[in-house]
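*Asks:* Could you work out the structure for the sequence below:
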Amino acid sequence: MSASDRVFAGSIPDIYDTHLVPLIFAAYASDLARRVAEAAPARVLETAAGTGVVTRALSPLLEEGARYLVSDLSQSMLERAASRQGADERLIWQQADALNLPFEQGSFDAVCCQFGVMFFPDRIAGYRETLRVLKPGGRFLFNVWDRIEHNDFARVVTDEAGAMFPDDPPRFLARTPHGYYDVEQIEADLRKAGFSAIDIVTLQKSSDAPSARHPAIAYCQGTPLRNEIEACGSGALEAVTDRAAEAIATAYGEGPVSGKIQAHVVVARA
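*Replies:* Next comes the predicted model:
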């Protein structure tokens with residue numbers, strides 16, 4: 001993972017939230033929120049919260065007396081999340097690094113992380129830090145994308161960007177969001193960190209958009225893939241976006257489009 005893979009700045013948070021969240025994140029956020037809430041945790045920590053799609057899904061499911069601390073490494077993403085959330089005295093917003101959490105040992109009944117562990121520069125260290133802040137018997141719930149071949153629009157965008165710039169193909173999507181898909185490796189990393197009871201399920205869902213251009217904008221302009229494409233030269237961003245939109249329309253239709261997405265959901269106990 002390159003340093004630019006973690007840069008969600010400029011207009012990326014806004015496009016991410018308006019285009020990518022409804023396209024691929026919302027359905028998995030509802031699933032993760034349900035899994036967290038089913039144990040009725042009194043204190044919850046969310047890491048790598050992004051623009052708050054899990055926060056919006058989970059907060060209504062928690063008990064009245066619960067405390068829910070929402071964190072992200074990116075202040076701009078966290079500010080976007082807070083602006084989307086209604087007033088709720090149970091919520092605390094705090095910028096925090098998931099590998100160096102500013103919380104005492106055994107502080108939380110549950111820690112959740114939606115599609116964030118792929119960005120950890122040291123996943124085992126991140127898992128150990130999560131284990132440290134969990135109470136004995138607490139749960140760590142997260143999800144990760146399956147390999148890019150099982151995620152239609154991400155695959156098309158990556159293929160088209162690579163075809164335009166074959167000498168230095170922009171590979172952010174395959175390298176980072178879809179680069180941590182091996183369930184045996186995920187389980188091994190969690191065990192090295194100290195977790196012992198681990199369950200992993202694979203969920204396939206549908207990615208629906210009003211037009212072929214919608215997912216092209218979402219991936220090309222609403223993720224750090226944008227940083228790689230823009231580095232290819234002036235006009236590259238719009239050129240790749242246009243080409244990806246044309247390829248999606250050719251494969252999935254000129255009107256509303258629907259593609260496959262697939263992810264793993266992980267529950268590990270402290």
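*Asks:* residue boundaries of the helices in the stretch 151-270 of the chain?
*Replies:* Assigned by DSSP state H, counting those that start in this stretch, the stretch 151-270 of the chain shows helices spanning 152-164, 172-175, 183-193, 213-221, 225-230, 236-252.
*Asks:* helices or strands up against the fourth one?
*Replies:* In other words, helix 213-221. If you count contacts as 3 or more Cβ pairs under 8 Å, 6 or more residues apart in numbering; DSSP states H and E, helix 213-221 packs onto helix 12-15, helix 152-164, strand 197-209, helix 225-230, helix 236-252, strand 257-269. (Glycine included, C-beta is placed from N, CA and C.)
*Asks:* what's in contact with it?
*Replies:* By Cβ atoms under 8 Å, 6 or more residues apart in numbering, the list of residues contacting helix 213-221 from outside reads 11-12, 15-16, 19-20, 23-24, 153-154, 157, 161, 173, 207, 209, 225-226, 229, 237, 240-242, 244-245, 248, 257, 259.
*Asks:* ok, now the third one?
*Replies:* Contacting residues not belonging to helix 183-193 are listed as 123-125, 127-128, 130-131, 144, 180, 198, 200, 202, 264, 266, 268 [Cβ under 8 Å, 6+ apart].
*Asks:* Out of those, which end up buried?
*Replies:* By neighbour count, with 16 or more other Cβ atoms under 10 Å, these hold 123, 127-128, 130-131, 144, 180, 198, 200, 264, 266, 268 as buried.
*Asks:* so which pair among the residues you listed is furthest apart in space?
*Replies:* Across the buried ones among the contacts of helix 183-193, the longest distance by Cβ to Cβ is 20.3 Å; it joins Arg128 and His264.
*Asks:* before we move on, the earlier item: please identify the most buried of the helices of the stretch 151-270 of the chain.
*Replies:* Comparing these by mean neighbour count (mean count of other Cβ atoms under 10 Å), helix 213-221 ranks first with a mean of 25.
*Asks:* pLDDT of it, averaged?
*Replies:* Helix 213-221 comes out with an average pLDDT of 97.
*Asks:* now stretch 55-63
*Replies:* 98.
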